[in-house]
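1. got a predicted structure here, sequence first:
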Amino acid sequence: MNEPLDKSIRQWGMWCHLAGLAAIVLGVLVPIPFLGVLAPFLVWQSGRDRHPFIDEQGREAINFQISMSIYLVTAFMIWLFLLFSTCAISLNNPNALGNLVGWAFLLGMAFLSLFGVFQLCVVILAATKASQGQSYRYPYTLRFLQ
């Protein structure tokens, strides 16, 4: 993308990224599974034919949200395994149950907090870059849409 992009194209690219963030915030109020993927997809579908920049940034935002969903579900499954295994281990020592489960719970909450901060930061960075007309590629993203 060597030519300067007009404001509406840059805004479409920015909204492709911010739609995922808005969906995450809205998802706290209305828990719809994979809303973080659906919202950027809808914005991308609405604007991808207008300019290659919108198509590129929309695909990038969708790939990131799919990747984050996969990582989150995987981490949740591991966390559940740890939580249940600590419960099973501590059945032999009932006094240790609360302590082990508490640590497993805190570990899960710490990871979830770090995960959320990471996601928030890179989505804001991507939206800022897109609003300036610069392409952004998310780190740690599996490329499903090429």
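-> Happy to help now that I have it. Numbering: from 1, shown residues only.

2. now for residue 123: which residues touch it?
-> Applying CB atoms under 8 Å, 6 or more residues apart in numbering to residue 123 gives the contacts 17-18, 20-21, 64. Yep, even glycine has a C-beta here, placed from its N, CA and C like the rest.

3. got it, and residue 127?
-> Here residue 127 is in contact with 14, 17-18, 21 (CB under 8 Å, 6+ apart).

4. which of the residues you listed count as buried?
-> 14, 17-18, 21 (16 or more other CB atoms under 10 Å).

5. thinking again about what came up before, most widely separated two among the contacts of residue 127?
-> Between any two of the contacts of residue 127, the greatest separation by CB to CB is 10.8 Å, found for 14 and 21.

6. quick revisit: what is the most widely separated pair among the contacts of residue 123?
-> Top of the distance list for the contacts of residue 123 (CB to CB): 18 and 64, 12.3 Å.
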